[in-house]
Every structure is written in structure tokens, then in C-alpha cells.
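Visitor: sequence and predicted structure below; questions after.
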Amino acid sequence: MELANAEPVANGELDELDRETSAHLLLREAGLSHHFPGMVRKRAYIFDGYGSYYNKDWDLTEGRGNEFCWYHVELPKGNQKLSQSAQYLIDVLCPPLKLQDILSLVSNGPFCGHVDGALVFRVNSPGPPSSDFTFRIAARITENSVITVSLGRVPRLGFSPVGQSLLSEVPSVEIPSHFRSERRESGGIVIREHVLEFLLTMNHSEEADNPVPMSLSNLVVHIIDTHVDHLQDVVTKLEIELDSVELEMDKGGFALKKQMLDDRRFPKMNLNLQRLLQVIAHGEQVFPRVREKCSSKQWFASEDISSLEELVGRLRRLKENVGFLANRVTAIQAGLDSWQAEQINKKLYYLSFLSIIFLPLSVVTGVFGMNVGGVPWTDQKNPELKDGFRNVMFLCIVMLIAVLLCFSFPALYTYLAAWHRRRKMRKSWSLNRKSFLKRTVRNNGVEGRGGGGYLRI
């Protein structure tokens, strides 16, 4: 009886093993058909809810109790299509995610809603992925896990030990080469100038200084906060670039302005600003809805709701700053356009002035025709017409002088009027000075005779 009972059990276990083996084979075949090793960067963290975190394996499991997990996928900034990005996500997130989850994370445009029981939001701009002004951030939020997808690296998004941060080092000034022989030894690390310039463009610290989230709502606020910081960094770099360009234009001349017009620098900058405004507008549309939907969750803290409201306010102020930058770029471009129009008008004026030289020749030849004698290097030997060419040249010179006098008369009249005005002013000043001296001498004589009083004006 025991053997009889054991045999069905063994058969059932074999059937389960066969089913599991076939399922693994199907998953392996599916993974091999869409496998892109090294194309995406993955990071996985687990937080204990008490201020500590650990790196974990990429198993896409959720936390238990107070623990919560975070899985981040970083898509490459290249010229790949949107379908290629979707295949990258299918390769690293499926299973357990479904196709509708992948589509909700990778699609373009703003979105906030529930997909298969999870809260999903995305702020994906439809620009080319290789552009520095194309931003994509999406998140899938459950009670104990968060899955995020970004295009390229987002500064300060991850977490790292404090010892790996450059900001925790004691800095030292870089000594020029001709003073290195007299340099004193110091224990600080040398921070070069280009590193300082890069750090000054950042409005936030490094990953090592990030506060470790105590709850999943803190993690959601951290993700949105780093996205806003990333946008702020780009705006700061644009402001610095625009200030340097304005300074170059003030110092530069014809060649620099011509080069800027040929490179279409400001139209490109204006296009980038419009893309940035689109991303900020998507955030203004999505993040208030995220706050509204998270406020109904029991596991989302009330202070984090207030933090989301502050982030929405930061986005609005950032939008105003980008609008100011767009107005500055438009004003500079308008100045360059007016300068270009002025240069074209000058060239047309010079061409018109040059045509004056040939105008008398056309008039004279129209009246007398081209049948004149005395043209040099010809065989015209007729004595009656031998002075024809000389007479034509004389008439052309007379008409040219007359036309030049007509053009120069306004300038000559302006010069003579200004000279006459200055002469009258000098004459009136000399008369007033003489009369003042006469009154002064007369009053001094009166005082010398014992008279007193003040000088009447």
C-alpha cells in the first residue's frame, strides 16, 4: 500500500517538474529573443524603514513589513527608437511586469493613473533621446516597492556611502606651476578649476549626502525632487552660457556676430528652451495629480504631501525663469537680425553709390550713341570724329560731379549749419564774458571808493 501511494506522488512530482521545466524554457527562450546585455544600467536597493539601506539583487520582489524596495533602470541616451527602449524594459522587468506596465512606463507624454493596481506616473518628453534637453522619468509605485525608469543619468538620484563623496574631502587650492617649488605640503585634496566650475553649476549635493528615506513616501518625494533638481541644473547652465555669450557679443565685432548668425546659435537655444518648457509643463500637469492620488493612500505621509506641493511650486518658479531666458534669447536674436539688416542696407547703399558712376555714361551713350571716334586702340582714323571719345568722357565727368554735389549737398548743409551755430554760441559767450568783466571792474572801483554792497545779477 505504501508503494502504491508513493507511486502516484512521484508521478505528480514529475508532472510538476515537467511543467516548471517547460515554463523555465519558455521564459529562457523569451529572454534570449530580447536580451540586450549591458545596454541598460540597473540599481536595486532595499530600505529597512529605520534609516539604513542595502544593495540587493535584481529580483523585482517587494519588501515585507517596514521594508521597501527600489529598482531603477537607466536607459541609454542614444538614437534608439521608442520600441527599442520598450524592448530594453521588457528584457529587465518582465516578468513580473506585464506589457501594459511596460507601455505605461515608456510611452511619451504626461501620464498619472493606476495600472494593474499600481500607481504609475511618467514625465516623458517626445524629443530625440540623444538631446540634452530630452527628459524622461517614470515610476511604478506599490505599497512596498518602487520601479523607476529614466533616460540617462539623473544626478543625486541614487545612494552611495559617505566615504565615496568628493564633497566630504578637505579641499586644497591648485598651485600654479611657477610656484610649486615653494608649495607647502598639505593634507587636502587638490580641486582643479574645471571641477569647481562643474560643481558650481549644480544646485544640489552628491549622492552620498542624500538623506536615506524612512518610508516609501519619502522615496517618492526624493525621486521627484531629484528630477526637479536636474531641470534646475540645466537652467543654471543655460543662464551661465547666455551670460558668457552676451559678454562675447559686447566685446566682439563683425566676425563674431557673423559666426553666430551662420551657426544659428540662438534659434537652436530657443528651440532647446521650448523643449525644456514642455518638460516643465508636463511636470506641472502630472505632479499635482500624483499628490492628489497619493493623499488617499494610508501609507503616504502627510508631510510628504506638503513636500510635493512645494515641488510643484518650484516647478512653477522654474517655468518663469525659463520664460525669462527665452525672452532674453529672443531679444538677442532680434538685435542680431537688426544688425544683419543694417549691414545689408549698407551694402545696398554702397552698390547704389557705385552705380552713380555708370549712370552718366548710360545717359550720354543713350543720347549720342556709341558711334564716336577717337576710342583708344581702335582703327578709327576719321579726323572729324577723333575727339568724340574725349568729349564723351568729359561730359560723363561733369555729370558725375553734378550728381555727387546733389548727394553731398545735405551733408554739406548740415556741416555749415552746425558751424554757424557754434560760431554764434562762441560769439554770444564772448559778449557775455566781456559784459561780466566790465560789471566786475566797475563794482570793484565802487568798493575801492568806499562803497559797499552786493553784486547785482
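Guide: It's in.

Visitor: strands along this protein, start to end?
Guide: 41-47, 53-55, 68-75, 109-115, 118-124, 136-141, 145-151, 171-172, 189-190 (DSSP state E).

Visitor: indicate which one of these is closest to residue 289.
Guide: Residue 289 sits nearest to strand 109-115 of all the strands of the chain, at 4.1 Å, using Cβ to Cβ. From N, CA and C alone the C-beta is placed, and that goes for glycine too.

Visitor: can you list the strands of the chain in JSON lines and add mean neighbour count?
Guide: Output for these, formatted as JSON lines (neighbours: other Cβ atoms under 10 Å):
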{"stretch": "strand 41-47", "mean neighbour count": "17"}
{"stretch": "strand 53-55", "mean neighbour count": "13"}
{"stretch": "strand 68-75", "mean neighbour count": "22"}
{"stretch": "strand 109-115", "mean neighbour count": "15"}
{"stretch": "strand 118-124", "mean neighbour count": "22"}
{"stretch": "strand 136-141", "mean neighbour count": "24"}
{"stretch": "strand 145-151", "mean neighbour count": "23"}
{"stretch": "strand 171-172", "mean neighbour count": "14"}
{"stretch": "strand 189-190", "mean neighbour count": "10"}
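
Visitor: show me the helices in the chain, by range?
Guide: Ranges of helices within the chain are 2-33, 82-93, 99-106, 193-200, 216-251, 254-263, 265-294, 302-368, 388-448, based on DSSP state H.

Visitor: other SSEs contacting the second one?
Guide: Applying 3 or more Cβ pairs under 8 Å, 6 or more residues apart in numbering; DSSP states H and E, we find helix 82-93 packed against strand 68-75, helix 99-106.

Visitor: related to what we said a few turns ago, okay, the helices of the chain in CSV with mean neighbour count next?
Guide: Output for the helices of the chain, formatted as CSV (neighbours: other Cβ under 10 Å):
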stretch, mean neighbour count
helix 2-33, 10
helix 82-93, 18
helix 99-106, 18
helix 193-200, 11
helix 216-251, 18
helix 254-263, 13
helix 265-294, 19
helix 302-368, 14
helix 388-448, 12
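
Visitor: re the thing from before, let's have the helices and strands packed on helix 82-93 in JSON lines, adding mean pLDDT and distance to residue 330.
Guide: Below are the helices and strands packed on helix 82-93 laid out as JSON lines (pLDDT from 0 to 100; distance: least, Cβ to Cβ, whole Å):
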{"stretch": "strand 68-75", "mean pLDDT": "92", "distance to residue 330": "33"}
{"stretch": "helix 99-106", "mean pLDDT": "90", "distance to residue 330": "34"}
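
Visitor: minimum distance to residue 273: which of the ones you listed has it?
Guide: With Cβ to Cβ, the closest approach to residue 273 among the helices and strands packed on helix 82-93 belongs to strand 68-75: 24.0 Å.

Visitor: ok, which of the strands of the chain comes nearest residue 425?
Guide: Going by Cβ to Cβ, the one of these nearest residue 425 is strand 171-172, 64.8 Å.

Visitor: so residue 90 versus residue 122, what's the distance?
Guide: From residue 90 across to residue 122, the span is 16 Å (Cβ to Cβ, to the nearest Å).

Visitor: in CSV: the strands of the chain, plus distance to residue 340.
Guide: Formatted as CSV, those follow (distance: least, Cβ to Cβ, whole Å):
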stretch, distance to residue 340
strand 41-47, 46
strand 53-55, 57
strand 68-75, 41
strand 109-115, 38
strand 118-124, 38
strand 136-141, 38
strand 145-151, 37
strand 171-172, 47
strand 189-190, 47
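
Visitor: now render the helices and strands packed on helix 82-93 as JSON lines, adding distance to residue 317.
Guide: JSON lines is the format used below for these (distance: least, Cβ to Cβ, whole Å):
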{"stretch": "strand 68-75", "distance to residue 317": "27"}
{"stretch": "helix 99-106", "distance to residue 317": "28"}
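
Visitor: so what are the domain limits for this structure?
Guide: For the chain, automatic domain parsing gives the domain ranges 28-159+210-342, 383-441.

Visitor: could I get those domains as TSV with distance to residue 362?
Guide: Shown next, in TSV, are the domains of the chain (distance: least, Cβ to Cβ, whole Å):
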stretch	distance to residue 362
domain 28-159+210-342	30
domain 383-441	10
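
Visitor: so which of these is nearest residue 353?
Guide: domain 383-441 (7.9 Å).

Visitor: thinking again about what came up before, out of the helices and strands packed on helix 82-93, flag the one nearest residue 404.
Guide: Closest of the helices and strands packed on helix 82-93 to residue 404 is strand 68-75, at 70.4 Å (criterion: Cβ to Cβ).

Visitor: follow-up on the earlier one: comparing the domains of the chain, which yields the minimum mean pLDDT?
Guide: For the domains of the chain, mean pLDDT drops lowest on domain 383-441, to a mean of 72.

Visitor: can you pull the contacts of the nearest residue to residue 266 once chain neighbours are set aside?
Guide: Leaving aside its chain neighbours, residue 266 sits nearest to residue 333 (4.3 Å; criterion: Cβ to Cβ, 6 or more residues apart in numbering). Neighbouring residues of residue 333 by Cβ atoms under 8 Å, 6 or more residues apart in numbering: 266, 267, 270.

Visitor: quick check: the first one touching residue 249?
Guide: It refers to residue 266. No: counting by Cβ atoms under 8 Å, residue 266 does not reach residue 249; the two are 10.3 Å apart.
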